[in-house]
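In: Pasting the sequence and the predicted model now:
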Amino acid sequence: MPVVEEPEHLSGDHPDGGTGLSPASDPAPREDAAAPAADSDSAEPTAVPLLVPAEGIPPVCQTAEAVAAAAARLAGGTGPLAVDAERASGFRYSSRAYLIQLRRAGAGTVLIDPIPVADALAPLAAVINGLEWILHSADQDLPGLAELGLRPAALFDTELGGRLAGFPRVGLAAMVEQLLGRELRKGHGAADWSTRPLPEAWLNYAALDVELLVELREAVAASLADQGKTDWAAQEFEHIRLLEPAAPKPDRWRRTSGIHTLRRARQLAIVRELWTTRDTLARGRDIAPSRILPDSAIVAAAKADPTSIGQLRELPVFGGPRQRRYSREWLGAVERARLLPDEDLPRMSQPYDGPPPVNRWERRDPVAAARLARARTVMTRISERVAVPVENLLSPDLVRRLCWDGLADYRSGPDATADEISAAVDGFLKTHGARPWQRELAAEPLAAALIERSED
């Protein structure tokens, strides 16, 4: 069983912070999928609290034998598989799953502690990897499950489906209440799920997270079908299912909270060195970086530029018992930054890959700024017409890139026809990952908005 190191809690140290998308079989109007109607003399419908799982809290599988037995149970079930995973965000460096919750009709709910059985999940994968999985915010849990060899053959994301269906609130509890008339009482989602043993109240919460996912999937699928959005959702779910993990962003140290208060490149170099040192320590010990050293302490050290361990320990946090053990590492980081030649210092402004920040467009390229304004207006109109949030119609970053220089070849001369520009926009969107339904909705209106006008 892998050893899980207890995270450091900096008390007193001031931390900073097919696709399975067929509609439900019942052809009745979708009012039957909403929360029960209110009585004539009550203003709001009353959701029925869901306090405990219908079959009780299942035992946690912590041995290879228990996993094999759970896999056999799930194999005997029918239909799609409800899936959830609990991580220890804010406590651990990794995004690994510390508890896996599974539920299938005819099989009930299964809870698995993957830490002691990470090498014994093959029987489970053999059963569930060929199924449609139902998750809420799938992109949050799929990477950690993939690390364990668990990958769905098809996907239904109830949160993303809710967005496409136009629901104003798409949290799990809100959707369960609105569509199923049940109340899920949240409370442990931000807990440290690497804790062992897991408290019974946490296991109850975890089991309830998958208790109604199958029913929620049917209600969301029905709403999507009523609106003619089943295929849109299928494309989005498949995109999420096949999405490769994003490469780490460069210069992540520039996201240090409070870095905007620094005015000299040498100070930024200190932040970079301290951030890198903290990241190395955090990764090695699988502890969230902010629990090793908060951002506020990094910025304070950059401003003070201490030259000795004594000066360092006089700063907030660095004198605490949990940070003193790393005093030499922290001071070494500061000294490395101090010795850097000027040409190796970081730039004061953050380098960017792609268009500059939007607030600089008017000054740098007023014509591009006008294009973006027109494009945003077009996207807002489409959003209102189809009842899909703008950010789900197209990535805002993709729209910015298109407006900045995506059609430079077509803007350089007057000979391109409207059809050619529309085709060029469609090709640009396709190259950058837009799905067919998005391109069908947006390519032609965006092309019209992007054509240069004499007043530009």
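Out: Received the coordinates, thanks.

In: Distance check, the most centrally placed residue in the chain against residue 439.
Out: What sits nearest the mean C-alpha location of the chain, by C-alpha atoms, centre = their mean, is residue 140, with 4.7 Å. As judged by C-beta to C-beta, to the nearest Å, residue 140 and residue 439 stand 27 Å apart. In this view, the C-beta of every residue, glycine as well, is placed from N, C-alpha and C.

In: And for residue 170?
Out: Residue 170 is 24 Å from residue 439, by C-beta to C-beta.

In: One more: residue 233?
Out: Note on residue 233: its distance to residue 439, by C-beta to C-beta, is 16 Å.

In: same thing with residue 271?
Out: Residue 271 is 41 Å from residue 439, by C-beta to C-beta.

In: now swap in residue 330 and tell me
Out: Using C-beta to C-beta, which is the criterion applied here, residue 330 is 51 Å from residue 439.

In: Counting neighbours, go ahead and name the busier of those two.
Out: Comparing residue 330 with residue 439 by other C-beta atoms under 10 Å, the one with more neighbours is residue 330, at 26 against 18.

In: What are the buried residues along whichever strand or helix holds the more buried one?
Out: If you go by DSSP states H and E, residue 330 is part of helix 327-339. Applying a neighbour-count criterion of 16 or more other C-beta atoms under 10 Å, one finds 327, 330, 331, 333, 334, 336, 337 buried in helix 327-339.

In: so what pLDDT did the third one get?
Out: Here the pLDDT value assigned to residue 331 is 98.

In: what sits against it?
Out: 306, 308, 309, 312 (C-beta atoms under 8 Å, 6 or more residues apart in numbering).

In: The same query, at a cut-off of 7 Å, please.
Out: 306, 309, 312 (C-beta atoms under 7 Å, 6 or more residues apart in numbering).

In: Now for the last one, which secondary structure element holds it?
Out: Counting by DSSP H and E, the secondary-structure element that holds residue 312 is helix 309-313.

In: Mean confidence (pLDDT) on that helix, please.
Out: Regarding helix 309-313, the rounded mean pLDDT is 97.

In: try stretch 374-388
Out: 97.

In: And it, what's buried?
Out: Neighbour counts over stretch 374-388 (16+ other C-beta under 10 Å) mark 374, 375, 376, 378, 379, 382, 383, 386, 388 as buried.

In: helix/strand/coil for the fifth one?
Out: Pointing back at residue 379 there. Three-state assignment for residue 379 (DSSP: H, G, I helix; E, B strand; the rest coil): helix.

In: Surely it and residue 388 touch.
Out: No. Counting by C-beta atoms under 7 Å, residue 379 stays clear of residue 388, with 10.3 Å between them.

In: Just after the helix or strand of the chain with the lowest mean pLDDT, pick out the following helix or strand.
Out: Using mean pLDDT, DSSP states H and E, the weakest-scoring helix or strand in the chain turns out to be helix 408-411, at a mean of 62. Downstream of helix 408-411, the next assigned helix or strand under DSSP H and E is helix 418-431.

In: Can you point out the buried residues in the helix or strand just after that next one?
Out: Under the assignment DSSP H and E, the closest C-terminal helix or strand after helix 418-431 is helix 436-450. If you call a residue buried by 16+ other C-beta under 10 Å, then helix 436-450 has these buried ones: 437, 438, 439, 441, 442, 443, 444, 445, 446, 447, 449, 450.

In: Pick the one among the residues you listed closest to residue 276.
Out: Comparing these against residue 276 with C-beta to C-beta places residue 438 closest, at 38.2 Å.

In: State the number of residues packed around the nearest residue to residue 68 once chain neighbours are set aside.
Out: Distances taken as C-beta to C-beta, 6 or more residues apart in numbering put residue 123 closest to residue 68, at 4.7 Å, once the chain neighbours are dropped. Using other C-beta under 10 Å, residue 123 has 17 other residues around it.

In: one step back: and the helix holding residue 330, how far from the chain's centre?
Out: With C-alpha atoms, centre = their mean, to the nearest Å as the basis, helix 327-339 stands 34 Å off its chain's centre.

In: try stretch 192-207
Out: For stretch 192-207 - counting by C-alpha atoms, centre = their mean - the centre lies 22 Å from the chain centre.

In: Can you give me the end-to-end span of that stretch?
Out: In stretch 192-207, first residue to last residue: 16 Å (C-alpha to C-alpha, to the nearest Å).

In: Just the buried positions in that stretch, please.
Out: Quick answer for stretch 192-207 (16+ other C-beta under 10 Å): 192, 193, 194, 198, 202, 203, 204, 205, 206, 207.
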